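*Asks:* model this:
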Amino acid sequence: MAEKQLSAEELIAQDVGARSPDGIMARVIAGLALCWSLFQLWIASPLPFIFGVGVLNNTETRSIHLAFALLLAFLVFPAFSKSPRNRVPLLDIVLGLVASACAAYLFIFYQELSQRPGSLTTADLLTACVGMTLLLEATRRALGPPLAIIALVFLVYSLAGPYMPSLLAHRGVSFSALANHQWITTEGVFGIALGVSTSFVFLFVLFGALLERAGAGHYFIQLAFSLLGHLRGGPAKAAVVASGLTGMISGSSIANVVTTGTFTIPMMKRTGFSAEKAGAVEVASSVNGQIMPPVMGAAAFLMVEYIGMPYVEIIKHAFLPAAISYIALLYIVHLESLKLGLQPIGGHRPTPWLRRLTGFAFGVALISGLSLAVYYGLGWLKPVLGDYVLEGVGALLALAYLGLLKIAASVAPLAPEDPSAPLDALPQTRAVLLSGLHFLLPVVVLVWCLMVERLSPGLSAFWGSMMLVVILLTQRPLLSWMRTDGLHEHGTFMDGVIDLREGLLAGARNMIGIGIATAAAGLIVGAVSQTGVGLVLADLVELLSMGNLLLMLMFIAVFSLILGMGLPTTANYIVVSSLLAPVVVTLGQQNGLIVPLIAVHLFVFYFGIMADVTPPVGLASFAAAAVSKGDPIKTGVTAFYYSLRTAALPFLFIFNTDLLLIDVSFWHGVLIFVISTAAMLIFAAGTQGFFLVRSRWYEGLLLLLVAFTLFRPGFWMDMLHDPYREVPPAQLEQVIGEIDAESKLRLRMLGVDAVGDPQEFSLLLPVPAGDSGAERLQKLGLMLYEDNGKVMIDSVAFASPAADAGLDFDQQILVVRAPTERWVKELMWGPGFLLLGLVVWLQRRRREPLPGPAP
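*Replies:* Modelled structure (predicted):
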């Protein structure tokens, strides 16, 4: 339990580099980090294209990105726990330079390599071998053994394919082919994962570091505390909100636990939470930040590349599950506070429910109003201002910034964080709110660029970071100039320059581990693409699950948990999505489960990050226990218990994609949000054993049944009325001409898999508009013929809807299932709410006044 003795500062050092040398080496490390941040800002900006200098392609930028990450990794991460911390050994300097040179090899010799693809020279082979070895060592230093071991296993598997047991065997690859695939091409280390780290992730991590340095992190914590501190368990609720706000833009749940937890965990302990429960609340809320858009621990940007879906669509689909999961966590904290008999801070009476509801509605309306103002209000500026929209928006931002700074100067600045300060009074919400409204402007810029201008995530983060640069450089002198009471001094322009420098350094140091992780995960992705191990995994899961869909998903969930242990969020998603997402798609199609790709990727991602919570590894739980001085295993178990709602969600949206707002209208989406939130709160009450009073066992089961009914009304409706009717394949043309356009047919097909073996699978075929079945088949790009009573596919037009659905030449149509007219599935919500009313009636009969605070 050595981790329990580590301080928060030591934990942060472990995350961003535990070595802090003195003298010239400290300046060298700072200079490298600063150059890395400036390089990333340069390539993300339009400046290279404006001046025609420094225009680099994707391979070159990835090469330089990894060169910086490897050099800094060897300089700031010691080799062993007993290695010196105040100096950098000569061996580490040499290893760092050699590793950096191997990474930069693709940039330096890009022209030569492009002229001889696949033909390795001795220098190429040596560079690849040394580079992969040093990358594994850098991974071990920066991230611990798990990811390095997994990557090494996949490298060995690539070479030893012919010698593996029959289920795992493959033809194997030669040593030179492995080196070429993994290091010289963009299929392995320098593949999509490192590309996303270079293009998107660095900019958002830098955006978060600059926002934190500007003071926004402290502002969010104080604002949450002032808004929620007067409630039962107020500090815990404030911890959930503050961790959610910072976790949205944080690339690491562990870093989020440590930074916000140093303030929130002691507060929770002093209000009555045990050390383990206080740590568990922080862990659950920090890990939840990794599933909350817009960043999702960089997974959102990776999904853009892996799924081929626009970024705005990704965050739309991911928002609802993350939001209701956070709301449920607030409710869990409330139930814990009731069970512990906690009282509001300072003896405040609980706010009447009507006033509380009004305040909540006002807050939702304010946030929604800001979002709509950015999207629609500023959106109208684009056609109005035409070519001068950039200058117009810039002028508006400048005026808004000066106005908000003037407001901030009218109130006292926020007091510095002090976890040991007595909790007998709360900060004034109005004063806290007004002191930092200008921190919302970079977020406004980000939303404008993403939603209105439809810029790439990287360029959007660049402009948001530029807004932060302006704030960092000017907020101190402007606040000092605007303040008229003379009671506070905010600093000078040079203090702002120092803040900017420290923010750029923090952004680069925060990225070392992520850059190394994406490169090491590239080794795994490269091995998957080179060996076809995904098919092996599919066979293994199918064998274990015996064709049972629910059992198959449970095995995938467990595998995702195991693979995610000890990995940072970014590497975690790369590993589980490259290995397990194709397995869900393949086995699902074979067993009649047709799931959108975004649902599959979110499924494996959710369970991958649950590894940060779950013992025995549970890195976030160990980090929280180090701050709370509690038992790390008990903290992890409690945090997992709080996170059951997050573990349930993936199974629910796999079977009910309405939760991901797929193919739903706006008002239907609002209804889904309301009902899903109610269902998740009921689920939380069922798992926590407390609703209006402590629940009896059968009441807990009834609550879980209600929650399931609200989440999956189609499960019960399908029992009453099958949503599809079976039609002979020979009648496909007739049926497709009869049913409504925009509906979908379910087809059961017989084809061949990647190795030519017969394989049955299911797919959805969209029905286009048309006057007849023949016309609709033509629009689908589909031609059929009959052969001895079998309906076969004669041809599929290139890039047609039929081809996109997965149809191909010479496949046989086994079964056609057409949609039927039936009652809407949402009618099953009625019996669910009646059952909830029964539980309410049972519990109200024995409800007693809540206990007072424990003596």
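
*Asks:* name the element Val815 belongs to?
*Replies:* Val815 is part of strand 812-819 when elements are defined by DSSP states H and E.

*Asks:* who does that strand pair up with?
*Replies:* As defined by DSSP bridges, the strand partners of strand 812-819 come to strand 724-727 (antiparallel), strand 744-752 (antiparallel), strand 790-796 (antiparallel).

*Asks:* Relative to Val432, which of those is closest?
*Replies:* Smallest distance to Val432 across these (C-beta to C-beta): 50.9 Å, for strand 744-752. No exception for glycine: its C-beta is placed from N, CA and C like everyone else's.

*Asks:* what about the closest one, distance to the chain center?
*Replies:* Distance, stretch centre to chain centre, for strand 744-752: 33 Å (C-alpha atoms, centre = their mean, to the nearest Å).

*Asks:* now swap in stretch 559-569 and tell me
*Replies:* Here stretch 559-569 is found 14 Å from its chain centre; the criterion is C-alpha atoms, centre = their mean.

*Asks:* again, but for stretch 482-489
*Replies:* 42 Å.

*Asks:* If you average pLDDT per helix and strand, which one of the chain comes out bottom?
*Replies:* For the chain, using mean pLDDT, DSSP states H and E, the weakest element among its helices and strands is helix 353-372, scoring a mean of 48.

*Asks:* and the closest residue to Ser37 other than its chain neighbours, how far is that from Leu472?
*Replies:* Distances taken as C-beta to C-beta, 6 or more residues apart in numbering place Leu504 nearest to Ser37, at 4.1 Å, with adjacent residues excluded. The gap separating Leu504 from Leu472 is 10 Å, by C-beta to C-beta, to the nearest Å.

*Asks:* if I look at Val470, how far off is Val497?
*Replies:* Counting by C-beta to C-beta, the gap from Val470 to Val497 is 13 Å.

*Asks:* swap in Met467?
*Replies:* Relative to Val497, Met467 is positioned 17 Å away (C-beta to C-beta).

*Asks:* who's more crowded, those two?
*Replies:* Taking other C-beta atoms under 10 Å, Met467 and Val497 do not tie; Met467 has more neighbours (21 against 13).

*Asks:* That one touches Leu441, doesn't it?
*Replies:* Yes - Met467 is within contact range of Leu441, at 5.9 Å (criterion: C-beta atoms under 8 Å).

*Asks:* Quick check: neighbours shared by the two?
*Replies:* Counting by C-beta atoms under 8 Å, 6 or more residues apart in numbering, the contacts common to Met467 and Leu441 are Leu397.

*Asks:* Give the buried residues for the helix or strand containing Ala328.
*Replies:* Taking DSSP H and E as the definition, Ala328 sits inside helix 311-340. By neighbour count on 16 or more other C-beta atoms under 10 Å, the buried set for helix 311-340 is 311, 314-338, 340.

*Asks:* same thing with stretch 477-490?
*Replies:* By 16+ other C-beta under 10 Å, the buried positions in stretch 477-490 come out as 477-480, 483, 490.

*Asks:* Going along the chain, name the helices of the stretch 51-200 of the chain.
*Replies:* 58-76, 90-108, 110-115, 122-143, 145-159, 175-179, 192-196 (DSSP state H, counting those that start in this stretch).

*Asks:* I'd like those as a markdown table, with mean neighbour count and mean pLDDT appended.
*Replies:* Listed next are these as a markdown table, based on neighbours: other C-beta atoms under 10 Å; pLDDT from 0 to 100:
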| stretch | mean neighbour count | mean pLDDT |
| --- | --- | --- |
| helix 58-76 | 24 | 94 |
| helix 90-108 | 19 | 95 |
| helix 110-115 | 12 | 88 |
| helix 122-143 | 21 | 93 |
| helix 145-159 | 19 | 90 |
| helix 175-179 | 18 | 91 |
| helix 192-196 | 27 | 87 |
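
*Asks:* In contact with the spatially closest residue to Ala684 that is not a sequence neighbour, which residues?
*Replies:* Nearest residue to Ala684, sequence neighbours excluded (C-beta to C-beta, 6+ apart): Ala328, at 4.6 Å. Going by C-beta under 8 Å, 6+ apart, Ala328 touches 645, 677, 680-681, 683-684.

*Asks:* and of these, the nearest to Leu194?
*Replies:* Comparing the contacts of Ala328 against Leu194 with C-beta to C-beta places Arg645 closest, at 33.8 Å.

*Asks:* List of residues touching the helix or strand harbouring the closest one?
*Replies:* Element membership for Arg645, per DSSP H and E: helix 644-655. Surrounding helix 644-655, the residues in contact under the criterion C-beta under 8 Å, 6+ apart are 284, 287-288, 291, 321, 324-325, 328-329, 332, 550, 553, 557, 593, 595, 599-600, 602-603, 606-607, 610, 659-660, 680, 683-684, 687, 711-712, 714-715.

*Asks:* Quick check: ChimeraX command selecting the buried ones in those residues.
*Replies:* A single ChimeraX command selects the buried members of the contacts of helix 644-655 (16+ other C-beta under 10 Å):
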select :284,287,288,291,321,324,325,328,329,332,553,557,593,595,599,600,602,603,606,607,610,659,660,680,683,684,687,711,712,714
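
*Asks:* Give me the subset of the contacts of helix 644-655 lying in helices.
*Replies:* 284, 287-288, 321, 324-325, 328-329, 332, 550, 553, 557, 599-600, 602-603, 606-607, 680, 683-684, 687, 711, 714-715 (DSSP state H).
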